[in-house]
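S.K.: coordinates for the following, if possible.
(one chain, ligands or ions: 1)
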Amino acid sequence: MTAHHDLFQSLEGFPIELQKIYQKSFTSRKGLTYGLIRTAEGKKLVVWGENDAVLADPFQGKCYPHTSTLKICDLSPPNAICLMELFPYTKPVSLREHKITIGTGDRLGVATPGHIRAVQKFGVRPVLAQQSVRENTQTGRSFEEVVSDAAWAVFQENYQDGYGADGDHLKSLQEIKNALDAAVSMITLDLSEKLNPEASDYPKDQLDRRFKEEIDKGDAEVLLHLFLDKEFRFKGRHGEFSIRFDEESAKRNILLFHKAIDFTEEAYQFIFSRFGNRHVVDFEISVDETPFPTTPENHLFFIIALSHRGVKIDALAPRFIGEFQKAIDYLGNLADFRRQFYQHVLIAKDYGNYKISIHSGSDKFSAFPPMGELAEGGLHLKTAGTSWLEAVRLIASVSPSLYREMHRWALSKFGEASKLYHVTTDLNRIPKLEELQDQELPTLLDQDDSRQLLHITYGYLLNAKDGRGKYLFKDKLYQILSQYEEDYWSFLERHIGKHLNSLGVEKNPPSSPFF
Ligand code: ZN
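M.R.: Numbers count the residues shown, from 1 in each chain. Below you'll find the model as predicted:
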């Protein structure tokens, strides 16, 4: 209360309209006070102290000299770079040493304080910035803005435990470079365009012919030697299994993965030659967006081939059996999932002790308990769309008319959007908007079909414009999320907390409010 009171009083002489003080952010460095406030123009950084000291401070902003000087600065990416230098805990770091991590993609750039409040209650580290190129295209953001938004939220919450930033689903060296230039601490390499899934179905004669044509003779010999006449045995607390490759299965795997192996090695060298060591950036491989599930044989083949090239990874995202559809629970046989998930875990544990990464991990509540129980080597869970849906839930609660417009728009774009995602949404199962009372609208966010409808159309909703080029929903959406930000953050705290609880992540002892 005192800090609030003092600040309100000392800002009285200055020509700003103070709406809110983010008290946890206030701190001192070298005689200056730094902290976040909200004015009529939005959220700002204040730097405040003796005139000369404020002038020498590196943040870009507008100065208001008085008996002391107040500087008001935008939360821009260039200012975020100054922030990371002055307050190193706001800079993304490698989370390799942390066994359980969660990616909380913040598409709108305003969800992170809620994510932080959720993870602080658990023994888990967050990857707070996590966006793919596809997401950035939909939301009109750059990697710089994504990392900057996360850094300001970390500062706002005074979160000093360390967080990661993930350039997600990157498909080229140029995309990797762009993400690294923005100070990400994690690269997720997407191999979907480098795989040859047809190799699994070639008839035998075609298989042999393609193998001869495509695979360099020396490479073929080395690879076959790595796999043939061997039994790979795995054993853990929850069971054991073994894998053998015959010539045919080895050849199929070689044809399936050979371009992916080359590209992974190239990306690996590109990243780590830049830093000279492996400790700065976490390296994840994703094969989740493929037309076929990743079998334990595929996984083992790939990791052995990569190790042979000297490539070390920190996480692998297989495509699991069953379905990981957006924003709804796991679909499939849980006993099969459990068995195969554990096989992936044991392979990862024996071949570099990397994490198994779960993509499209939002809302997989029935699969979380086995994941948490079995993940011996470590686990990374990626969520993103679910935080967007919590934003829509807030809209449904506080602005029913905006929600209704968005819902209708989403329905009109569903046909187009559903071509980009694999979903089994049935629009007929969604309750009719006209039959729902305003206070019933938030229940649409608890129904699978409407969840998927609102999830896969997020880009359409954000980019919709009227005839004069004005956004139909985006500006209103941001305005409401800012007006009701504490509500949005408590929705997220509860919802991400529910994910971590279901995974069985250990809870931190509650911190005392007196320290
Ligand atoms: Zn993915």
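S.K.: give me the secondary structure label for the residue of the stretch 51-200 of the chain at minimum distance from the ion.
M.R.: In the stretch 51-200 of the chain, the residue that lies nearest the ion is His169 (5.8 Å; C-beta to the ion). No exception for glycine: its C-beta is placed from N, CA and C like everyone else's. Classification of His169 using DSSP: H, G, I helix; E, B strand; the rest coil returns strand.
S.K.: what about it, how many neighbours?
M.R.: Using other C-beta atoms under 10 Å, the number of residues around His169 comes to 23.
S.K.: next: Pro78.
M.R.: Per other C-beta under 10 Å, the neighbour tally for Pro78 reads 14.
S.K.: that one: helix or strand, and which one exactly?
M.R.: In this assignment (DSSP states H and E), Pro78 forms part of helix 77-86.
S.K.: contact partners of that helix?
M.R.: 29, 34, 45, 58-61, 73, 90-91, 142, 144-145, 147-148, 151-152, 155, 183 (C-beta atoms under 8 Å, 6 or more residues apart in numbering).
S.K.: related to what we said a few turns ago, dump the residue contacts of the residue of the stretch 51-200 of the chain closest to the ion.
M.R.: Contact analysis of His169 by C-beta under 8 Å, 6+ apart lists Ser132, Val133, Arg134, Thr188, Asp190, Ser286, Glu289.
S.K.: of the residues you listed, which are in range of the ion?
M.R.: Among those, no residue sits close to the ion (C-beta under 5 Å from the ion).
S.K.: give me the contacts around the helix or strand just after the helix holding Pro78.
M.R.: Toward the C-terminus, helix 77-86 is succeeded by strand 100-104 as the next helix or strand (DSSP H and E). Strand 100-104 has contacts (C-beta under 8 Å, 6+ apart) with 95, 111-112, 115, 118-119, 123-128, 130, 164, 166, 168, 355, 361, 375, 378-384, 387, 496, 499-500, 503, 505.
S.K.: so which of those residues are in helices?
M.R.: Using DSSP state H, the subset of the contacts of strand 100-104 located in helices is Thr112, His115, Ala118, Val119, Ser387, Ile496, His499, Leu500, Leu503.
S.K.: look up the pLDDT of the closest residue to the ion within the stretch 201-350 of the chain for me, please.
M.R.: Closest residue of the stretch 201-350 of the chain to the ion, C-beta to the ion: Asp288 (4.3 Å). Note on Asp288: pLDDT of 92.
S.K.: do you know how far it is from His380?
M.R.: As defined by C-beta to C-beta, to the nearest Å, Asp288 lies at a distance of 12 Å from His380.
S.K.: and the closest residue to Pro126 other than its chain neighbours, how many neighbours does it have?
M.R.: Distances taken as C-beta to C-beta, 6 or more residues apart in numbering place Val119 nearest to Pro126, at 4.5 Å, with adjacent residues excluded. For Val119, the tally of surrounding residues (other C-beta under 10 Å) stands at 25.
S.K.: try Phe122
M.R.: Neighbourhood size, Phe122 [other C-beta under 10 Å]: 20.
S.K.: ok, it touching Leu500?
M.R.: Yes: between Phe122 and Leu500 there is a contact at 4.7 Å, judged by C-beta atoms under 8 Å.
S.K.: once you drop chain neighbours, what's closest to Glu373?
M.R.: Of all residues beyond its chain neighbours, the one nearest Glu373 is Gly504 (6.5 Å), with distances taken as C-beta to C-beta, 6+ apart.
S.K.: interface residues of this protein facing the ion?
M.R.: Residues of the chain that fall close to the ion, judged by C-beta under 5 Å from the ion: Asp288, His359.
S.K.: could you list the domains of the chain?
M.R.: Following automatic domain parsing, one gets these domains for the chain: 2-74, 90-190+283-385, 391-483.
S.K.: how far does the last one sit from its chain's centre?
M.R.: Going back to what we said before, that points to domain 391-483. 22 Å (C-alpha atoms, centre = their mean, to the nearest Å).
S.K.: please apply the same query to the second one.
M.R.: Its chain's C-alpha centre and that of domain 90-190+283-385 lie 6 Å apart, by C-alpha atoms, centre = their mean.
S.K.: most neighbours among the contacts of His169, which one is it?
M.R.: Neighbour max across the contacts of His169 (other C-beta under 10 Å) = Thr188, 28 neighbours.
S.K.: any idea of the pLDDT on that one?
M.R.: Thr188 carries a pLDDT score of 98 in this model.
S.K.: what's it sitting at in phi/psi?
M.R.: phi -110, psi 110 (degrees, to the nearest 10).
S.K.: ok so, going back, per-residue confidence averaged over the helix holding Pro78?
M.R.: 98.
S.K.: what about it, distance to the chain center?
M.R.: Relative to the centre of its chain, helix 77-86 is centred 22 Å away, using C-alpha atoms, centre = their mean.
S.K.: if we can go back for a sec, same list (the ones in helices among the contacts of strand 100-104) but as JSON lines, adding pLDDT.
M.R.: Shown next, in JSON lines, are the ones in helices among the contacts of strand 100-104 (pLDDT from 0 to 100):
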{"residue": "Thr112", "pLDDT": "98"}
{"residue": "His115", "pLDDT": "98"}
{"residue": "Ala118", "pLDDT": "98"}
{"residue": "Val119", "pLDDT": "98"}
{"residue": "Ser387", "pLDDT": "97"}
{"residue": "Ile496", "pLDDT": "98"}
{"residue": "His499", "pLDDT": "98"}
{"residue": "Leu500", "pLDDT": "97"}
{"residue": "Leu503", "pLDDT": "96"}
